[in-house]
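Enquirer: Curious how this folds, go ahead:
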Amino acid sequence: MSVVPSSPPPRRTKIGRIVAASLVGTTIEWYDFFLYGSAAALVFNTLFFPSSDPLVGTLLAFLTYAVGFAARPLGGIVFGHYGDKIGRKKLLVFSLLLMGGATFAMGLLPTHATIGVGAPILLTVLRLVQGFALGGEWGGAILIVSEHGGDKRRGFWASWPQAGAPGGNLLATGVLALLAAVQSDEAFLAWGWRIPFLLSGLLVVIGLWIRISVEESPVFLEAQRKAADEAARADGGAGASGAPAVKEAAPVVQVFRKSWREVLVAIGTRFGENVSYYILTAFVLVYVTVHLELPKSDALNAVLIGSAVHFVTIPMWGALSDRLGRRPVTQIGAIGMVGWAFAFFALLDTESFPVITLAVTVGLLFHGAMYGPQAAFISEMFDTKVRYSGASMGSQLASIIGGALAPLIAVELLKDYDSSLPVSVYLSAAALVTVVTVWVAKETRGRDLTKDGLVGSVPAPAAPPAPADRTEKAKDSARLGR
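Expert: Numbering: from 1, shown residues only. You can find the predicted model right below:
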């Protein structure tokens with residue numbers, strides 16, 4: 001019987017290539033997704049949902065924004081199932097194609113003035129496709145990095161795909177800000193808004209070229225080999241005993257049977273982070289432009305600067321979690337957000353661009369402390385056979401009750417009370433959910449992803465050599481005269 005040699009440990013250059021490919025692809029996917037959110041706050045309310053009340057039109061635009069989140073758990077289930085069955089890489093390529101195609105098609109859509117009610121319907125369908133694709137993207141992107149990297153620096157390496165979120169937002173907001181600066185409002189509403197959506201086609205080609213070069217996760221390949229060996233032994237046993245081999249349940253079924261606690265922890269960990277992010281980057285555009293009646297450029301540039309700082313600092317928070325643990329770093333961000341929720345709107349109300357920028361930037365720093373360690377934290381909660389499904393389900397369910405509803409709830413609270421105080425209370429309460437969840441969760445730092453079962457924050461000590469090994473060492477010493 002031939003023995004398959006074990007794969008050598010990945011080198012730093014290899015990890016760097018994996019991280020770069022994952023980051024570029026994730027940035028493009030988030031660009032597509034966030035572009036819709038920015039457009040919903042700035043132009044979709046008038047082009048696809050015309051109404052006499054600007055806040056009502058914005059509310060309808062954000063309803064389709066939320067529809068994208070509703071499709072994300074379905075994407076998480078489908079992509080998670082096949083990602084755990086056939087591999088991470090193939091699903092990542094497919095998700096990028098799906099997302100980019102939907103975004104490009106949005107740039108070609110006729111508006112409500114042209115075809116009436118058909119325009120928002122088509123927009124909603126494409127938004128569903130976007131959500132479905134992104135639901136499968138996040139889990140695969142963080143896993144292919146987490147499973148290539150070593151245990152000691154996983155927080156740092158896995159945080160880079162997380163930086164794709166502010167990277168995509170930075171790109172989307174930057175393109176919109178540039179167009180707003182060089183175009184009149186009339187030209188932007190007439191045709192300029194289409195340019196960022198059509199640009200997605202070119203970005204997808206670049207992303208595919210990079211992502212196809214990525215190698216499959218060695219942890220996944222090793223798990224596949226073990227599963228094949230176990231299946232072969234089971235078939236052999238069935239032949240001898242006459243009993244049929246037991247068929248394993250689908251990964252998503254296994255997750256809800258054996259790892260439902262971990263799914264709940266993942267949801268709670270992401271809840272405050274999700275709500276805060278969409279308040280800080282999507283709702284802030286509505287608050288500044290509609291409620292405070294300031295220029296669009298003030299809101300866009302504030303988010304642009306904050307996203308640049310966010311992009312740079314997320315890997316720093318991930319690296320810090322390799323030293324302190326996932327839980328302490330996440331708590332820094334969650335507890336900070338509990339208090340910043342009130343300072344944030346007070347600073348926005350000054351109507352000063354530097355102060356607005358400070359409010360967004362500090363808020364995103366606290367968000368980054370929650371978001372940076374999250375990829376490693378959630379990856380380490382699940383075993384390899386169900387890791388894609390478990391990570392995707394936990395994160396995407398949180399996105400429905402957190403990120404999808406956050407702009408809607410914030411707009412409705414502002415509309416009903418004409419005050420930011422209820423929005424601050426909502427944001428603070430969401431962050432408090434994450435504080436409590438992470439407080440009761442187990443630390444995962446240092447877990448060996450090739451082994452099943454979460455032991456704790458400290459890796460298990462190496463087993464002592466077997467008696468036969470000690471005998472061989474004694475013989476070697478005797479031959480050497482020692």
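
Enquirer: show me where the stretch 151-300 of the chain has helices.
Expert: For the stretch 151-300 of the chain, applying DSSP state H, counting those that start in this stretch gives helices covering 154-162, 164-182, 185-187, 194-211, 218-241, 251-258, 260-278, 284-286, 296-324.

Enquirer: and of the ones you listed, who's closest to H112?
Expert: Nearest to H112, of all the helices of the stretch 151-300 of the chain, is helix 194-211, at 14.9 Å by Cβ to Cβ. For every residue, glycine as well, the C-beta is placed using N, CA and C.

Enquirer: Off-centre distance for the closest one?
Expert: Relative to the centre of its chain, helix 194-211 is centred 19 Å away, using Cα atoms, centre = their mean, to the nearest Å.

Enquirer: Report the buried residues of that helix.
Expert: Across helix 194-211, burial judged by 16 or more other Cβ atoms under 10 Å covers 194, 196-197, 199-200, 203-204, 207-208, 210-211.

Enquirer: any chance of the residues you listed in CSV, with pLDDT too?
Expert: Listed next are these as CSV, based on pLDDT from 0 to 100:
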residue, pLDDT
R194, 88
P196, 87
F197, 87
L199, 86
S200, 84
L203, 82
V204, 82
G207, 78
L208, 80
I210, 75
R211, 74
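
Enquirer: can you put those residues in a markdown table and add distance to V252?
Expert: Putting the buried residues of helix 194-211 into a markdown table (distance: Cβ to Cβ, whole Å) gives the following:
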| residue | distance to V252 |
| --- | --- |
| R194 | 38 |
| P196 | 35 |
| F197 | 32 |
| L199 | 35 |
| S200 | 30 |
| L203 | 31 |
| V204 | 28 |
| G207 | 27 |
| L208 | 27 |
| I210 | 29 |
| R211 | 24 |
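
Enquirer: got the angle for the host helix or strand of G368 vs helix 154-162?
Expert: Using DSSP states H and E, the element containing G368 is helix 353-371. Helix 353-371 and helix 154-162 are oriented at 130 degrees to each other (axes from the mean of the first three to the mean of the last three Cα atoms, to 10 degrees).

Enquirer: quick one: helix 353-371 to helix 260-278, angle?
Expert: Relative orientation of helix 353-371 versus helix 260-278 (the same axes, to 10 degrees): 170 degrees.

Enquirer: tell me what helix 353-371 is packed against?
Expert: Applying 3 or more Cβ pairs under 8 Å, 6 or more residues apart in numbering; DSSP states H and E, we find helix 353-371 packed against helix 164-182, helix 260-278, helix 296-324, helix 326-348.

Enquirer: Next SSE downstream of it?
Expert: With DSSP H and E, the next secondary element past helix 353-371 is helix 374-379.

Enquirer: From L413, how far out is S95?
Expert: 34 Å (Cβ to Cβ, to the nearest Å).

Enquirer: When the two are compared, which one has more neighbours?
Expert: Using other Cβ atoms under 10 Å, the more surrounded residue of S95 and L413 is S95, with 27 against 19.

Enquirer: pretty sure the more buried one is touching G80, no?
Expert: No: S95 is not in contact with G80 according to Cβ atoms under 8 Å; the separation is 11.5 Å.

Enquirer: Show me whatever sits in contact with both of the two.
Expert: Both S95 and G80 are contacted by G136, under the criterion Cβ atoms under 8 Å, 6 or more residues apart in numbering.

Enquirer: Which helix or strand contains the most centrally placed residue in the chain?
Expert: Centroid-nearest residue in the chain: W138, 4.5 Å away (criterion: Cα atoms, centre = their mean). Element membership of W138, judged by DSSP H and E, is helix 118-146.

Enquirer: hang on, the earlier thing: buried stuff in the helix holding G368?
Expert: Buried residues in helix 353-371, counting neighbours by 16+ other Cβ under 10 Å, are found at 353, 356-371.

Enquirer: now do stretch 175-186
Expert: For stretch 175-186, by 16+ other Cβ under 10 Å, it's 175-177, 179-180, 183.

Enquirer: distance of the nearest residue to L413 once chain neighbours are set aside from P295?
Expert: Leaving aside its sequence neighbours, L413 sits nearest to P422 (Cβ to Cβ, 6 or more residues apart in numbering; 4.2 Å). Look at P422 and P295: by Cβ to Cβ, they are 26 Å apart.

Enquirer: neighbour-wise, which of these two wins?
Expert: Here P422 and P295 are compared on neighbour count by other Cβ under 10 Å; more neighbours surround P422, at 16 against 12.

Enquirer: mind listing what that one touches?
Expert: 413-414, 416.

Enquirer: Between the residues you listed, which sits nearest V263?
Expert: Of all the contacts of P422, V263 sits closest to L413, with 28.9 Å by Cβ to Cβ.

Enquirer: so where is the stretch 51-200 of the chain shaky, pLDDT-wise?
Expert: Within the stretch 51-200 of the chain, the set of residues satisfying pLDDT under 70 comprises 51-62, 65, 149.

Enquirer: let's see 90
Expert: Scanning the stretch 51-200 of the chain for pLDDT under 90 picks out the ranges 51-103, 106-107, 111-155, 157-158, 161-162, 164-200.
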